[in-house]
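Participant: Everything below, folded, please.
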Amino acid sequence: MTMPEVEAKAVPDDAYLLDVREIDEWRAGHAPTAEHIPLSNLQQRVDEVPQGQPVYVICRVGGRSAQATNWLNHVGREAINVDGGMQSWAAAGLPMVSETGQPPYVA
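Facilitator: From the prediction side, this is the model:
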């Protein structure tokens, strides 16, 4: 089974974007509209992930988001991996914010 993937620049502006990185990575820089559920908490918090709409999943480079995408699809969500993760997001010049008061960056 192939996992659905898109490039960062192909994520729709109004997409539900799920960031599965750890809290320190999230605080350093993330997409402004992303929701944050670390991969380690995803199974316990899956009810927070919407059903009936695509869920774009992102991490730093794509490994953790691929795991999350596969699991979410297995449990009935429509998940799509963001290929290259936040590194690709930043490289594409897409908007980022930080929680630290410093300029955002990919940690």
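
Participant: quick one: contacts for Asn73?
Facilitator: For Asn73, the contacting residues are Met3, Pro4, Ala79, taking Cβ atoms under 8 Å, 6 or more residues apart in numbering as the criterion. C-beta coordinates here come from the backbone N, C-alpha and C atoms, glycine included.

Participant: can I assume the first one is in contact with Trp71?
Facilitator: Spelled out, it's Met3. No - between Met3 and Trp71 there is no contact, the gap being 10.8 Å when judged by Cβ atoms under 8 Å.

Participant: ok so, going back, got TSV for the contacts of Asn73, with secondary structure and neighbour count too?
Facilitator: Output for those, formatted as TSV (DSSP: H, G, I helix; E, B strand; the rest coil; neighbours: other Cβ atoms under 10 Å):
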residue	secondary structure	neighbour count
Met3	coil	15
Pro4	coil	13
Ala79	strand	24
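
Participant: Name the single longest helix found in this structure.
Facilitator: Secondary structure assigned by DSSP state H gives helix 63-74 as the longest helix of the chain.

Participant: ok, and for that one, which residues are buried?
Facilitator: Along helix 63-74, the positions that meet the burial threshold by neighbour count (16 or more other Cβ atoms under 10 Å) are Arg64, Ser65, Ala66, Gln67, Ala68, Thr69, Trp71, Leu72, Asn73.

Participant: so the third one touches Val20, yeah?
Facilitator: No - Ala66 is beyond contact range of Val20, at 10.0 Å (criterion: Cβ under 8 Å).

Participant: ok, which stretches of this protein are helices?
Facilitator: If you assign secondary structure with DSSP H, the helices in the chain sit at 23-28, 42-45, 63-74, 85-91.

Participant: which secondary structure elements does the last one contact?
Facilitator: In terms of contacts (3 or more Cβ pairs under 8 Å, 6 or more residues apart in numbering; DSSP states H and E), helix 85-91 is packed against strand 54-58.

Participant: Please name every helix or strand in contact with the strand it packs on.
Facilitator: If you count contacts as 3+ Cβ pairs under 8 Å, 6+ apart, strand 54-58 packs onto strand 16-19, helix 63-74, strand 78-83, helix 85-91.

Participant: Can you say which of these is nearest to Glu48?
Facilitator: Comparing these against Glu48 with Cβ to Cβ, the closest turns out to be strand 16-19 (9.1 Å).
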